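Visitor: Need a 3D model of the following:
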Amino acid sequence: MKWHGRGRTRTYAVGALALVAAATGCGSGGAGAGPAATAATTPTAAATAPRTPPAANPTPAAAPAAGDAAAWAKWNLKPLPPAPAAPADKPIKLERTGVVPVFSEVKTADKVVFVTIDDGAEKDPKFVEMLTDLKVPISMFLTRDIVKENYGYFKPLQALGNHIHNHTVDHAQMSKVTPEKQKSEVCDAQSALTQQYGSAPLLFRPPYGDGANTPALNTSVQQCGPRAIVLWRESMQIHDMQYQAADKKLRPGDIVLAHFRGPKDLKGETMTQMFGELLARIQEQGFAVARLEDYIQAPAT
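Guide: Alright, predicted model coming up:
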C-alpha cells in the first residue's frame, strides 16, 4: 500500500507484530497499545521504526461552534474543535483485491485523531444520548457473539453516520487457531454484520491485534470481504490513554482504541464517564476527532 502526501509517494513496510498480553488490547482487564503497522506486506522480523515527532504546524482544526457549547456543558466537557473537511484526496486508498493493508495511523497534516470502539459488551443508552448530543464520530468494531442479543443497540449509533466493522465472531486469539477457524471467525462475522446493518464491513480488527501481520490472517480477511486491517496507536483505559510513543503525545492521524465497557470493567465508572475522559485527553492536546472512513478511499465497485 502507498501513502500519498508531501508531493511524493512512499511505501511503508510492516513491522513485526509484538503481541500484547491478554490483559491488554481487547481483553477484559484493559486496553493496551497494540502493534504499530503502516502497510501490509510479507511480515518481517524487524520492529517498526520509531515515529517522528509531530509536525510543528499541523493543519489546525477550526474553533468550536458557539451553538455546541450547551451540549458539551451537559456532559461537563469542554468542546473539541470541529474536524476539518474530509480530504478530497484520501490518504489511504484500498484495492478491491490482493493483500490487505495493515495500519495504525493515517498520514495527514490535519490535527485530528480517529476514535474506534471495540467489542460491544456494554450497551448503555446514555452513551447513545451522549453521541447524539456531541456528534463525535466513532468507528465500531463489533464482535458478533457479544452483540447478537441486542444488534439494535448499535443502530442509532450507525444512524448518526458511524460505521460498523468486523471484530470476529467470538473474540478468538487468531494466532492460536487454525487457518480454517480464522476464516470462519472473519467470514461468519462479516455475514452477520452485513445482514444486520445493511452494508458489508470495510475494515477488520483482530482481537488484541494478534496475528495482524501474518499471511494466514491476511488471506482470511481477503477471502471474507474486509479490505484493511486496522490497529491503533493509543488505547483508552479509564482516565487516560496508554501511548506507544515515548513522549505520551498524540500525533495527527493517530487511531485511538476504546471499548464498549461499563462499571464492571471500569472500576465503577460508566461508559459515558470513560468516553468523557477520553475526549478530555484529546481536547487537552488540541486535537479534533475526525471520521476515519472520511480518510479512506474504498475500492471501486
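Visitor: From here on, just use CA atoms for contacts and neighbour counts.
Guide: Will do.
Visitor: what's the lengthiest strand in the chain packed up against?
Guide: In the chain, assigned by DSSP state E, the strand with the most residues is strand 112-119. If you count contacts as 3 or more CA pairs under 8 Å, 6 or more residues apart in numbering; DSSP states H and E, strand 112-119 packs onto strand 139-142, strand 255-259, strand 288-289.
Visitor: Make TSV from those strands and add mean neighbour count and distance to Ser220 to it.
Guide: As requested, the helices and strands packed on strand 112-119 are exported to TSV (neighbours: other CA atoms under 10 Å; distance: least, CA to CA, whole Å):
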stretch	mean neighbour count	distance to Ser220
strand 139-142	26	17
strand 255-259	26	23
strand 288-289	26	31
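Visitor: out of those, which comes closest to Val115?
Guide: Nearest to Val115 among the helices and strands packed on strand 112-119 is strand 255-259; the distance by CA to CA comes to 4.9 Å.
Visitor: Taking the centroid of the protein, which residue is nearest it?
Guide: Thr116 (3.3 Å; CA atoms, centre = their mean).
Visitor: show me the residues around the closest residue to that one other than its chain neighbours that make contact.
Guide: Nearest non-adjacent residue to Thr116, counting by CA to CA, 6 or more residues apart in numbering: Ser139, 4.6 Å away. Contact analysis of Ser139 by CA atoms under 8 Å, 6 or more residues apart in numbering lists 115-117, 162-165, 291-292.
Visitor: quick one: low-confidence ranges for the stretch 1-150 of the chain?
Guide: Applying pLDDT under 70 to the stretch 1-150 of the chain flags the ranges 1-67.
Visitor: Please repeat the previous calculation with a cut-off of 50.
Guide: Within the stretch 1-150 of the chain, the ranges that satisfy pLDDT under 50 run 1-24, 28-33, 38-49, 54-57, 60-61, 63, 65-67.
Visitor: all strands for it, in order.
Guide: Counting by DSSP state E, counting those that start in this stretch, the stretch 1-150 of the chain has strands at residues 2-5, 8-11, 92-93, 102-103, 112-119, 139-142.
Visitor: what lines up beside the fourth one in the sheet?
Guide: For strand 102-103, the paired strands and their directions (DSSP bridges) are strand 228-230 (parallel).
Visitor: for whichever helix or strand comes after the strand it pairs with, packing partners?
Guide: Next along the chain after strand 228-230, taking DSSP states H and E as the criterion, comes strand 234-236. Contacts defined by 3+ CA pairs under 8 Å, 6+ apart place strand 234-236 against strand 241-243, strand 255-259.
Visitor: what separates the first one from the chain centre, distance-wise?
Guide: Going back to what we said before, that points to strand 241-243. Offset of strand 241-243 from its chain centre (CA atoms, centre = their mean, to the nearest Å): 14 Å.
Visitor: counting contacts, what elements does it pack onto?
Guide: Under the contact criterion of 3+ CA pairs under 8 Å, 6+ apart, strand 241-243 touches strand 234-236.
Visitor: Give the partner strands of the strand it packs on in its sheet and their orientations.
Guide: By DSSP bridges, strand 234-236 pairs with strand 241-243 (antiparallel), strand 255-259 (parallel).
Visitor: Could you dump the ones you listed into TSV with distance to Lys78 added?
Guide: Below are the strands paired with strand 234-236 laid out as TSV (distance: least, CA to CA, whole Å):
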stretch	distance to Lys78
strand 241-243	18
strand 255-259	19
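Visitor: so can I have CSV of the ones you listed showing mean pLDDT and distance to Asp265?
Guide: Shown next, in CSV, are those (pLDDT from 0 to 100; distance: least, CA to CA, whole Å):
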stretch, mean pLDDT, distance to Asp265
strand 241-243, 97, 16
strand 255-259, 98, 10
